[in-house]
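1. give me coordinates for this.
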Amino acid sequence: MTQYSNRMVIVHWLTLALLVAAWFLGDELDEVRHEQGATISGYIVHALVGGAVLLFTVARLYFRRKDGTPPPVGQSLMDKVAKGVHHGLYALLVLLPVSGMMIVVNSGVGKALMSGDATLLPKKFTGVPAHDVHEMLVTVLIVLAVVHVLGAIKHQFIAKDGLMERMSLRRK
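-> Residues are numbered from 1 along each chain as shown. Next up is the predicted model:
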């Protein structure tokens, strides 16, 4: 096996698209919340996208088990770092939606969503540790994603080893 299965590749790139959407939606929610313009629909859409990220991550883990994965490129320190980055990304793709759910449960967001009353949406998340955790996890995700992309760029343009073809729908 030299490439990931088609469904693994599709889920990988769809997850990326969902993550970008979730980040922009969350950033927008944060801005309008401070201006007291957050809406119920804004929270619902952000939560649905986050939930989709979780579902796609679970599907991807299932596909990894079912379809297998290409063998590691090597056993150098950089290969071990790459493996750690991948494990970290998977953990974050589970922890971020879970922390988002905890925000809904432990803040006024849940009450606002249940009643459909946007005036109940919190203006600040003081005293809601899940919100602090969620924001911290987003920062860690951005850092790991940048490391992941830099690693891909290194393989594509410096090492020129064709590693990125493993995550492509084009088959050898």
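2. helices of the protein, start to end?
-> For the chain, helices defined by DSSP state H occupy the ranges 6-34, 40-67, 77-106, 108-115, 129-153.
3. and S168, which of the ones you listed is closest to it?
-> In terms of C-beta to C-beta, the element of the helices of the chain nearest to S168 is helix 6-34, at 6.6 Å. All C-beta spots, glycine's among them, are computed from the backbone N, C-alpha and C.
4. quick one: mean pLDDT for the closest one?
-> Helix 6-34 shows a mean pLDDT of 96 in the predicted model.
5. stretch 158-168 now?
-> Taken as a whole, stretch 158-168 carries a mean pLDDT of 92.
6. export the helices of the chain to a markdown table and tack on mean neighbour count?
-> Output for these, formatted as a markdown table (neighbours: other C-beta atoms under 10 Å):
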| stretch | mean neighbour count |
| --- | --- |
| helix 6-34 | 16 |
| helix 40-67 | 17 |
| helix 77-106 | 16 |
| helix 108-115 | 16 |
| helix 129-153 | 15 |
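7. now render these as CSV, adding distance to M167.
-> Formatted as CSV, the entries for the helices of the chain read as follows, by distance: least, C-beta to C-beta, whole Å:
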stretch, distance to M167
helix 6-34, 6
helix 40-67, 12
helix 77-106, 12
helix 108-115, 35
helix 129-153, 8
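8. L169: which of these is closest?
-> Ranking the helices of the chain by proximity to L169 (C-beta to C-beta) places helix 6-34 first, at 5.5 Å.
9. which neighbouring elements make contact with that closest one?
-> Identification of packing neighbours for helix 6-34 by 3 or more C-beta pairs under 8 Å, 6 or more residues apart in numbering; DSSP states H and E yields helix 40-67, helix 129-153.
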